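Visitor: predicted coordinates and the sequence they were generated for:
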Amino acid sequence: MTNLSYVPLEQPIVFTLQGFVVATDEGYPLFVVSLLVYMVMIIGNGTVFMVIVADKKLHKPMYVMVCNLAVCDLLGGTAVMTRLMSDFLTGDKTISYVAAYSQAFTVHTYGSAAPTILSAMAYDRYIAICEPLRYHTIMTAWRLAGLCILAWFIAIGLVAVLFMLNIGTPLCGTLILHVYCSNRSILSLACVPTPINNIYGLCMTWFLSTGSFLVIAFSYIKILIACLVKREKNSKSKAIQTCATHLAVYVLFEFATVLIIVTQRFEEVSPNAKKFCAILFVIIPPAVNPIIYGIVTKEIRTSVFRLFKSPVLPKESKK
């Protein structure tokens, strides 16, 4: 006999996100907190993006890539936080089939594009510090555009294949035991084993994590050697300061990623704590990255002050 709980569902499906298990009267305070966090993301990344686009002095490879990272952070933060705020405000945790896959695709694109963009930034720093005389010859406008397109193409292409493997997979449930939709949470509802999907997902994660680590490690080892060889103190300090900013952003992203993996492995961790750590993956980097670049990077900090400085009225000409 066929178990009724394993009867494939017809498409389209309306899923239900389990979300956070909170009392009814806690929804509004959590909505306010979520809104404040989201505003920090929007204002921070929006300011960095606007300043880099508006200031021609910042139309340099490093800042163009920072602009791409800001867009990536906005994608991930918006995909999760807007839905989370809606859940807290209305209490309605249903999500359509298209919306669920759209959110999952966007979240995975954010998680995949961040390391590829950071790898491109590491390569740019390597050329700038190790090959300063050839930097403008190597990092031309066309090569910069190609590097940015390649970073996004790798991320979107890998994620597209991941979700194309899901097409036609029969689902036998509608309750997603997570706070937002992801490939893993949707596949957990599959009626049949999905070994190809799982193997591809693991290979994709390994490729992105290992590939970005190797590129960044190679770049920074070369940069460290170049800094040790250089005798000028000003060149050393500027190189170290520039690289420290990028390295801090990379470590922050990896920390948020490892936090999810570690908490999911321990059954002692409460469901709400696991979901909160999963949310931090799309909260910490997008909220903190603009602060790191705004405070440490002098050029961006100066441009921000110049942009928001009140214009001084011109003095009247003497008659």
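Guide: Yep, it's here.

Visitor: the residue lying closest to Cys130 once chain neighbours are set aside sits in which helix or strand?
Guide: Take Cys130 and drop its neighbours on the chain: the residue closest to it by Cβ to Cβ, 6 or more residues apart in numbering is Ala226, 4.8 Å away. From N, CA and C alone the C-beta is placed, and that goes for glycine too. Per DSSP states H and E, Ala226 falls inside helix 195-229.

Visitor: got it, and Leu69?
Guide: helix 61-90.

Visitor: other SSEs contacting that helix?
Guide: The contact analysis (3 or more Cβ pairs under 8 Å, 6 or more residues apart in numbering; DSSP states H and E) places helix 61-90 against helix 27-54, helix 97-130, helix 141-164, helix 284-296, helix 298-308.

Visitor: next, the angle helix 298-308 makes with that helix.
Guide: Per axes from the mean of the first three to the mean of the last three Cα atoms, to 10 degrees, the angle that helix 61-90 makes with helix 298-308 is 60 degrees.

Visitor: how about the contacts made by the nearest residue in space to Ile42 that is not next to it in sequence?
Guide: For Ile42, ignoring the flanking residues on the chain, the nearest one in space by Cβ to Cβ, 6+ apart is Leu74 at 7.2 Å. By Cβ atoms under 8 Å, 6 or more residues apart in numbering, the contact list for Leu74 reads Met41, Ile42, Asn45, Gly46, Phe49, Pro286.

Visitor: residues near the residue nearest to Cys130, how many?
Guide: With neighbours defined by other Cβ atoms under 10 Å, the count for Ala226 comes to 17.

Visitor: coming back round to it: how near is the residue nearest to Ile42 to Tyr200?
Guide: 27 Å (Cβ to Cβ, to the nearest Å).

Visitor: low-confidence ranges in the stretch 201-319 of the chain?
Guide: Scanning the stretch 201-319 of the chain for pLDDT under 70 picks out the ranges 230-242, 265, 310-319.

Visitor: was I right to think Ala278 contacts Val262?
Guide: No: using Cβ atoms under 8 Å, Ala278 is not in contact with Val262; the gap is 11.7 Å.

Visitor: what about the two, which has more around it?
Guide: Taking neighbours as other Cβ under 10 Å, Ala278 and Val262 compare with Ala278 leading, 22 against 11.

Visitor: tell me which helix or strand that one sits in.
Guide: Assigned by DSSP H and E, Ala278 falls in helix 271-280.

Visitor: that helix - contacts with which helices or strands?
Guide: Here helix 271-280 touches helix 233-265, going by 3+ Cβ pairs under 8 Å, 6+ apart.

Visitor: go with 10 Å
Guide: Here helix 271-280 touches helix 61-90, helix 233-265, going by 3 or more Cβ pairs under 10 Å, 6 or more residues apart in numbering; DSSP states H and E.

Visitor: buried set for it?
Guide: Lys274, Lys275, Phe276, Cys277, Ala278, Ile279, Leu280 (16 or more other Cβ atoms under 10 Å).

Visitor: wait, which of those residues is closest to Phe163?
Guide: The shortest gap between Phe163 and any of the buried residues of helix 271-280 belongs to Ala278, at 19.0 Å (Cβ to Cβ).

Visitor: does that closest one touch Val80 like I think?
Guide: Yes: between Ala278 and Val80 there is a contact under Cβ atoms under 10 Å: 9.0 Å.

Visitor: shared neighbours of these two, which are they?
Guide: Common neighbours of Ala278 and Val80, using Cβ atoms under 10 Å, 6 or more residues apart in numbering, are Val107, Val179, Tyr180, Ser182.

Visitor: for these, work out which two are farthest apart.
Guide: Maximum distance among the shared contacts of Ala278 and Val80 (Cβ to Cβ): 11.0 Å, for Val107 and Val179.

Visitor: what touches both of those two?
Guide: Residues touching both Val107 and Val179 (Cβ under 10 Å, 6+ apart) are Val80, Ala278.

Visitor: ok, now how distant is Gly157 from Phe163?
Guide: With Cβ to Cβ as the criterion, Gly157 and Phe163 are 11 Å apart.

Visitor: please say which of the two ends up with more neighbours.
Guide: Neighbour comparison, Gly157 and Phe163: the larger count goes to Phe163, with 15 against 11 (by other Cβ under 10 Å).

Visitor: grab the nearest non-local neighbour of the more buried one.
Guide: Spatially, and ignoring its direct neighbours in sequence, Phe163 is nearest to Phe105 (5.8 Å; Cβ to Cβ, 6+ apart).
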